[in-house]
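Novice: can't give you the sequence, but here's the structure:
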């Protein structure tokens, strides 16, 4: 706590009820971007944010795109030269199945869990309206106490993150000079447990592929041809079974080229939180990690590339039995990539491997299902260490740099369009049920999230 | 040709048009056993057969079962002591998709193919009304010329062969003393090509299994768990991929125990008809046999046990892509068995093998989908050689003992209930389109089929 931040943190505490009221106002707007009937609601959410930002003294505007609009705000009157671009999204996931919700998804409430924890329940409570407002409320408190922000702040809040986000990249490119800052701050991630603050410094990329194998010209009777005719399901099984060896390693050449292993310091931090693989696996009923030997379960997810079969289909799949020898089999597979791996090189090597293990009479074809690179913030980046320090102060335990097994496309897009690195600071919990019925966000996540941003902005202004 | 058979064969030739008329009468009855609305038609077909047999001097009756009735006929006033039981079925497959039929499936006609071949087109033309009547018309001709049959003949004609045949076994057992004869003659199989007559002396049995593998308690996000959580599709692929090696041999112990290889003489006969694997494989667009090295394609189908994956399913199978790491995967597999193999031993060994290659965290369960043994007529059985000789005379080329990759349950049931061997003599062609739209039967198959039975019965009376 510094002289500057101390009164701001007090202001946050005093204003919490009103902050919650404002969050509830935003949560009541059913801004489901995937459903055309909610287009007006998306615009209402954008207008609501523009009005809030304008009220805080930002130069704020609603900006048109071919889809739902963006909200952009700028406050250049800051105490330091550092300039941050905050990113969030006001759109939310659909609510179906509605019958599983215990209350109206767009009538937020605060309820108390069996363990005494208070939670905000509503669609978007965590993803991303609650997280997004932690930053805006932090700005509000700074302004209320000091009249200005400690660093230059711009905001970009989109409305299509949950529905493909196709308009973000063109918007970033078209407005690059306006949006370019020193660093992007993204509040759309979580904490590894309830007490440990974290910055997500690694995200995995993805290569998606569909493999189809066709043998005979048509489905055959397994009695009439079984043994002599190639079975495409068997060939597909054999081929896909060779991609990873019994020690969990992908077998084809070049897959691990340039893959960087996290430092011992970072791995030790993870080891503290995930003392045992059961922390990761027991909640889903598993006991032994399936990936590479020599890495813990969490390391396999956060820091190692993966190979998964996401779907498979062929022959007779219904009830009972049919003695068919099918002509065709199909699988959808994906590789999660870590920084250093080239998606197109992985795709090419995978295809070459599959082709190399198939016999004649197997006609194979591949369909591309997306590609993205992995992402990593350098462990020793100065703003990263500053932000980790601020988080540690707020939460009273050392903040950790963590990974994330999934992809957050905006990070790569900001890098490509604006040549800017991102810091992913978020306060979500694993049980927030994002994208599911009864989505929730801890009041503590919201409150300490606001306080965390107060400290981070303060620390940035001194860095 | 003998003194006895010569006038009978002439009678067959002269009476062919009337034989076709009678076949057409039977084909006009839509005796689809699987469809309850055709129950009366099934009974009509049974009554029609009973009337025909009665007209020929058989003691014939329609016999009730819990399903469609059986027709049983006896003519014990024969020239020799040998007693044959002829088996056929009057029921037919459904006709859907009806739109693919070029004419009404129950309004038979004779049409001429591009190559000049005359064919009978109707549902059941080949399977089994046309084949069944070859025998009855042969009896008719014998009776017309000589007043009696050359051997004792009983007939059993069932009405549920195309819909499970659940009532056959109980009927055989309940009427064993009435139906027991020296040999069963079954006319429900085919010829290896248009010119070579054949007796099917080997049928493969079947073991059907369903394998389900479950790992996590629910579907996971492949980003959040991919690498660390076991993927049941991958495990299923790896496990099923180990069942057959790269040389086409099943790998688990005991599978080939007691499997008998056909004699060199029989293999040489097959080699003459299937001079090249392309005879078997080219019609379905394939070039290389998939089964064991050292056996031709036709040997792999007729004389070797097989392993097939008949269906597989798991994860996301729809359009596009979903980054799911599924909890469950399923496959349906089957083994075709040859004589000597014990279905339940194969099943147990398969299950043990799959269990042995799965890691912990994979919960596997198996569901049984039927079991039957393979069947073989001893190559040197006296009636077999006699029948082959008679067929050779009729067709002018040496008749061959062939295999059949599929199963014909009645053979095993006759063996079990009546302790009787079967001779499978049939005149169908591969392009008869049985079970499909535009089913056909060559007029030559019908005509020479009748003549073949005349010669076989004659030869049996002298054996």
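Specialist: Nice, I can see it. These numbers were taken from a predicted model, which means no experiment stands behind them.
Novice: Which residue comes closest to residue A:382 once chain neighbours are left out?
Specialist: residue A:463 (6.4 Å; CB to CB, 6 or more residues apart in numbering or on different chains). Every residue, glycine included, has its C-beta placed from N, CA and C.
Novice: Quick check: that neighbour touching residue A:81?
Specialist: No - here residue A:463 does not reach residue A:81: they are 10.8 Å apart, not a contact under CB atoms under 8 Å.
Novice: give me phi/psi at the residue in the stretch 351-463 of chain A positioned nearest to chain B?
Specialist: The minimum distance from the stretch 351-463 of chain A to chain B, using CB to the nearest CB, falls at residue A:406 (2.7 Å). Backbone torsions of residue A:406, given as degrees, to the nearest 10, read phi -100, psi -170.
Novice: thought it was touching residue B:224?
Specialist: Yes - Residue A:406 lies in contact with residue B:224 (CB under 8 Å); the separation is 6.1 Å.
Novice: Just say helix, strand or coil for the residue lying closest to the residue of the stretch 351-463 of chain A closest to chain B once chain neighbours are set aside.
Specialist: Leaving out its chain neighbours, the residue that sits closest to residue A:406 by CB to CB, 6+ apart is residue B:223, at 2.7 Å. Following DSSP: H, G, I helix; E, B strand; the rest coil, the label given to residue B:223 is helix.
Novice: Isn't residue B:223 up against residue B:324?
Specialist: No - in this structure, residue B:223 is not within contact of residue B:324 by CB under 8 Å, at 10.2 Å.
Novice: Domains of chain A: list them as residue ranges, please.
Specialist: Annotated domains of chain A cover A:5-203+A:374-462, A:205-259+A:305-372 [automatic domain parsing].
Novice: Excluding chain neighbours, what is closest to the spatially most central residue of chain A?
Specialist: Nearest to the mean C-alpha position of chain A, by CA atoms, centre = their mean, lies residue A:408 at 4.2 Å. Once flanking residues are discounted, residue A:408 sits nearest to residue A:203: 5.5 Å by CB to CB, 6+ apart.
Novice: by contact count, what packs against the helix of greatest length in chain A?
Specialist: Secondary structure of chain A per DSSP state H: the longest helix is helix A:443-462. On a contact count with 3 or more CB pairs under 8 Å, 6 or more residues apart in numbering or on different chains; DSSP states H and E, helix A:443-462 meets helix A:5-14, helix A:16-27, strand A:118-121, helix A:129-146, helix A:382-395, strand A:422-425.
Novice: Which one of these lies nearest to residue B:332?
Specialist: In terms of CB to CB, the element of the helices and strands packed on helix A:443-462 nearest to residue B:332 is strand A:118-121, at 43.7 Å.
Novice: how about the closest one: buried residues?
Specialist: A:119, A:120, A:121 (16 or more other CB atoms under 10 Å in any protein chain shown).
Novice: residue contacts, the residue nearest to residue A:408?
Specialist: Residues in contact with residue A:203 (CB atoms under 8 Å, 6 or more residues apart in numbering or on different chains) are A:374, A:375, A:376, A:403, A:404, A:406, A:407, A:408, A:411, A:424.
Novice: For it, give the beta-bridge partners.
Specialist: On the basis of DSSP bridges, residue A:203 is bridged to residue A:375, residue A:404.
Novice: on that earlier part again, ok, now how distant is the residue nearest to residue A:382 from residue A:456?
Specialist: 10 Å (CB to CB, to the nearest Å).
Novice: Pull up the overlap in contacts between those two.
Specialist: Common neighbours of residue A:463 and residue A:456 (CB under 8 Å, 6+ apart) are residue A:386.
Novice: export the domains of chain A to CSV and tack on distance to residue B:217 and mean pLDDT?
Specialist: What follows is the domains of chain A, written out as CSV (distance: least, CB to CB, whole Å; pLDDT from 0 to 100):
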stretch, distance to residue B:217, mean pLDDT
domain A:5-203+A:374-462, 15, 95
domain A:205-259+A:305-372, 18, 95
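Novice: now these in JSON lines, with distance to residue B:77?
Specialist: Putting the domains of chain A into JSON lines (distance: least, CB to CB, whole Å) gives the following:
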{"stretch": "domain A:5-203+A:374-462", "distance to residue B:77": "75"}
{"stretch": "domain A:205-259+A:305-372", "distance to residue B:77": "40"}
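Novice: Done for today, thanks.
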